[in-house]
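Colleague: what's the 3D shape of this:
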Amino acid sequence: MKEVKGTIFVTIVKSIKANPNLRGKYNEILSDKAKELLNKRILVASWYPLEQYREIYNAICLFEGKNDPKILHQWGRDEANRWFTTVYKFSVIEGDIKLATEKYSRFHKMVHNFGEILPEFVSDNELVFTYKDFPRDWKNWYLIAAGYAQRFIELCINKKVNFSFLNKSWINDKWTKLKLSWEL
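Modeller: The predicted structure is shown next:
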C-alpha cells in the first residue's frame, strides 16, 4: 500500500481546518474515507494512505489554489523553505550540490513509501530530477514538487534557480523530468 508520512500530511489538514468557510465545499467532493481522515488527529510519525492524501491534496489545490500552476509552484517553494530551514535543515548542504541532491532524494523516501527521485547532473550548473513511480497523472503534485526542488537547490547554492519540465507524465510521458539550472 502506498502511503505518505504524517509530517507532510498534517500541513494540508491544518490548512483545511483553518478555513471553515470552505469546509462545506470539501464535504461536497471528498469521499467518506477522506472526510473521516480529515476529522482525525494526524500524527507526524504515522503513515497515511496515498489515495486519501491525494484526494485531500487535490481538493486543497482546487479550492485554495484554484489549480493555478503559479500558485501551486509557489506553495512548493514556501513549503520547502519552511521544511528545509527547520525540521529537515540537515538536508541542505552548502558547497556540495551532489551530496545535497542525494539527501533530497532520501528526504522523499522519508515521507513517501513509494516513488524515487533520481538526480542527474547535465553540467556544473544544470540538474535534472526524474520522478519515477509517482502517480503519473498527478499534475498538482508535480507543480508543487517543482517549487520544492527549486527552492531546495537555491538554499544549497545561494543562487537563483530556474526550472522547466522536460517531460510531463501527466500528458503521457513515462516519467516527469524537471530541469533546474543556475548561473555559475
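Colleague: name the element the most centrally placed residue in the chain belongs to?
Modeller: For the chain, Ala145 is the residue whose C-alpha lies nearest the centre (C-alpha atoms, centre = their mean; 3.8 Å). Here Ala145, judged by DSSP states H and E, is contained in helix 139-157.
Colleague: the next helix or strand after that helix packs against which elements?
Modeller: Later in the chain than helix 139-157, the nearest helix or strand by DSSP H and E is strand 162-167. Using 3 or more C-beta pairs under 8 Å, 6 or more residues apart in numbering; DSSP states H and E as the contact test, the elements touching strand 162-167 are helix 139-157, strand 176-181. (Glycine included, C-beta is placed from N, CA and C.)
Colleague: alpha carbons of strand 162-167, in PDB - could you do that?
Modeller: Only the C-alpha atoms of strand 162-167 are listed here, as PDB (Å, rounded to 0.1, in the frame of the first residue of the first chain):
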ATOM      1  CA  ASN A 162      15.400  28.400 -12.900                       C
ATOM      2  CA  PHE A 163      13.100  25.400 -13.600                       C
ATOM      3  CA  SER A 164      11.300  23.800 -16.600                       C
ATOM      4  CA  PHE A 165       9.700  20.500 -17.200                       C
ATOM      5  CA  LEU A 166      11.500  18.400 -19.800                       C
ATOM      6  CA  ASN A 167       8.900  15.600 -19.600                       C
END
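Colleague: could you chop the protein up by domain?
Modeller: 3-63, 69-181 (automatic domain parsing).
Colleague: can you give me the helices in this structure?
Modeller: For the chain, the helices defined by DSSP state H cover 6-17, 23-29, 32-38, 50-63, 69-84, 97-111, 139-157.
Colleague: dump these into TSV; add mean pLDDT and distance to Trp175 as well.
Modeller: Listed next are these as TSV, based on pLDDT from 0 to 100; distance: least, C-beta to C-beta, whole Å:
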stretch	mean pLDDT	distance to Trp175
helix 6-17	91	21
helix 23-29	90	29
helix 32-38	94	27
helix 50-63	96	18
helix 69-84	95	18
helix 97-111	90	14
helix 139-157	97	10
